[in-house]
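> Model the structure of this input:
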Amino acid sequence: MTAPDPVRIGLIGAGRIGTHHAATLARRIPEAELVAVADPVEASARRLGEDLGVEWLTDPQALIDDPRAEAVAITCASTAHADLVVAAARAGKAVFVEKPMAMTLADADRAIAAVARAGVPLQVGFNRRFARDFAAAHDAVAAGRVGTPQLMRSVTRDPGLANPGGVPPWTIFTQTLIHDFDALNWFNAGARAVEVSAMADALVAPAYKAGGLLDTAVVTVRYDNGAIGVAEASFSAAYGYDVRGEVFGSAGMVLAGSPAHLTTSLWTADGVAVPTARRDTDLFSDAYAAELTAFCTAVRSGAPTVVGGHDARAALRIALACIEAVETGGTVTVRDADREVVA
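Have a look, this model is predicted:
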């Protein structure tokens, strides 16, 4: 039996994560063929295209319209995600989009509707679902091995802030903890977040708080099945990139992740030293490859994608509720529509 032809993918966004995804598509996944990259910044597009030996463009729409690309990977700035999902869907292209899929619930709905009308696959880049330890923990919960979920926890601690002045407001919720919100939703599958409380501050780079940077946060999420989830994030894990998950239930507990994910260890008279990851692309390298492989498999097989637009919307609901909770200083209901902003 011959293997299916690789999925021909064009990628939009030549930044840090786009560069990693592009290299993964071009060099690591036989199920994919990277045909072109696009970025409005010419130097970035040229660098990535020439490095990978593919055509580079500065117009994302030109890439979307390119007949060689049957799928589009959207890895650019989050504010452009929803519009590009809609444009790709209208062009009949399968869509992989990095999280968050949209920055408002209205835009999330618009993207979901466009994909549904076009009948094309949509997958969102929540990579923890493809990490072996997180997937094993999820499977244990789904199989009932920990009983009824009662308490859940998700942790994201980044090693540091390279450029605190360049972090947009509310990043800790919409860009970082949104992974944790998806993980909690996934672990507690079938339940719906109904209430959120959140505390956040600038403890790592307090001088940037006035500009909107919050670098430390703790969130509590109440679900309609009674389960309680806690998510925490920090941009200052001196020991390395730290991502973990936990589900405590009526019959036991399951843990996923470790701040010391590398298996190498050095034993000397000074003690035991274990190296830790300094970047998400190191910690989740296999998960990034697995999610893109799963996307290609869904495109070729016609099967549903593992994580889609409604999953992205569910995580965004919580992120937006966190913003409201911080602004109001209280516990808030997780909304199904965007708040009206009164000028």
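> where does the stretch 201-343 of the chain have low pLDDT?
By pLDDT under 70, the low-scoring segments of the stretch 201-343 of the chain are 260-262, 341-343.
> could you pull out the strands for it?
Assigned by DSSP state E, counting those that start in this stretch, the strands in the stretch 201-343 of the chain fall at 216-223, 228-234, 242-249, 252-256, 266-268, 271-273, 332-333.
> Kindly reformat those strands as CSV containing distance to Q175.
(C-beta placed from N, C-alpha, C; glycine too.) Shown next, in CSV, are those (distance: least, Cβ to Cβ, whole Å):
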stretch, distance to Q175
strand 216-223, 12
strand 228-234, 10
strand 242-249, 14
strand 252-256, 21
strand 266-268, 34
strand 271-273, 32
strand 332-333, 20
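> need those strands in JSON lines with mean neighbour count and distance to T58, can you?
JSON lines is the format used below for the strands of the stretch 201-343 of the chain (neighbours: other Cβ atoms under 10 Å; distance: least, Cβ to Cβ, whole Å):
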{"stretch": "strand 216-223", "mean neighbour count": "20", "distance to T58": "36"}
{"stretch": "strand 228-234", "mean neighbour count": "22", "distance to T58": "34"}
{"stretch": "strand 242-249", "mean neighbour count": "22", "distance to T58": "34"}
{"stretch": "strand 252-256", "mean neighbour count": "16", "distance to T58": "41"}
{"stretch": "strand 266-268", "mean neighbour count": "9", "distance to T58": "47"}
{"stretch": "strand 271-273", "mean neighbour count": "9", "distance to T58": "46"}
{"stretch": "strand 332-333", "mean neighbour count": "16", "distance to T58": "42"}
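> Please name whichever of these is nearest to A183.
strand 242-249 (5.5 Å; Cβ to Cβ).
> all helices of the stretch 151-300 of the chain, in order?
171, 177-187, 280-283, 285-301 (DSSP state H, counting those that start in this stretch).
> Need the winner for burial among the ones you listed.
Among these, the stretch with the highest mean neighbour count (mean count of other Cβ atoms under 10 Å) is helix 177-187, at a mean of 27.
> average pLDDT across that helix?
Confidence for helix 177-187, expressed as mean pLDDT, is 98.
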